[in-house]
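In: For reference, the sequence and a predicted model appear below.
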Amino acid sequence: MGSTMLRRRRALLALCLLLGGCGHVPLTSLVKLARIDFQNTDPAQLRVAVELPPVLRPLPRGITLRITVKAGRWQESQKQGSQDEVRDFMLRELPAPAEIVRDNASDTRVYAYRLDEADVVRLTAFRTELMARKRAGQVGGISISVVPRACKTAELPDGPIYFTAYLKTAETVDYVTLARDLDLRSLIPEHVIADEVPRCGT
């Protein structure tokens with residue numbers, strides 16, 4: 001297996017873990033996701049979309065792209081108890097993509113995002129720095145996730161709260177389903193959902 005394909009499969013595994021397991025990723029998406037090379041993909045073309053029930057609404061400027069860096073073996077040997085390094089990058093809302101809106105359920109709403117222009121520059125520079133640090137053994141692993149902050153329009157119902165997530169890059173061309181009908185309650189502790197999701201302002 002070539003080194004490029006191995007890197008891409010590791011990136012795909014990281015995405016799957018962040019979404020609670022590859023079992024939530026449709027089989028038709030796996031081939032498209034395997035094309036993504038996060039070390040070289042153009043951040044300016046990165047797009048994220050989420051499909052939410054009407055009871056949840058993303059907060060303004062509340063969606064960020066998070067890169068978590070784990071210390072490499074060399075760093076861990078030099079400093080005991082080293083913690084993960086976290087960098088957040090702002091995502092800006094876009095008009096909902098027609099191809100998703102057309103296919104989504106009538107009782108849900110789609111929100112789409114791209115990186116803020118200033119953070120495209122920040123992310124590109126940070127990625128270059130990370131690759132240099134990784135070659136020096138200072139980076140043990142990198143994970144990429146989307147951190148949403150949402151409000152509720154009404155009291156959350158009992159039972160599952162389903163959402164669907166999509167990703168689009170220069171390599172995929174179109175939006176690819178990362179997770180379909182994933183239960184928010186299976187990923188976030190119940191007390192966090194109850195206590196930390198505020199009511200939406202009027």
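Out: Looks like it came in fine. If you're wondering where the values come from, they're calculated on a predicted model, not measured in any experiment.

In: Spell out the secondary structure type for the residue lying closest to C200 once chain neighbours are set aside.
Out: Distances taken as C-beta to C-beta, 6 or more residues apart in numbering put C151 closest to C200, at 3.9 Å, once the chain neighbours are dropped. Bear in mind the C-beta positions are built from the backbone N, C-alpha and C, glycine included. Judged by DSSP: H, G, I helix; E, B strand; the rest coil, the three-state class of C151 is strand.

In: I figured C151 hits R199, correct?
Out: Yes. Contact criterion C-beta atoms under 8 Å: C151 and R199 qualify, at 6.3 Å.

In: More neighbours: which of the two?
Out: Neighbour count, other C-beta atoms under 10 Å: between C151 and R199, C151 has more, with 16 against 10.

In: tell me the mean pLDDT over the lengthiest strand in the chain?
Out: If you go by DSSP state E, the chain has its longest strand at strand 56-71. Strand 56-71 shows a mean pLDDT of 84.

In: do the same with stretch 151-171
Out: For stretch 151-171, the mean confidence score works out to 86.

In: Determine the longest helix present in the chain.
Out: The longest helix of the chain (DSSP state H) is helix 117-135.

In: What lies in contact with that one?
Out: Residues outside helix 117-135 that contact it (C-beta atoms under 8 Å, 6 or more residues apart in numbering): 39, 43-44, 65, 67, 69, 72, 87, 89-90, 115, 139, 142.
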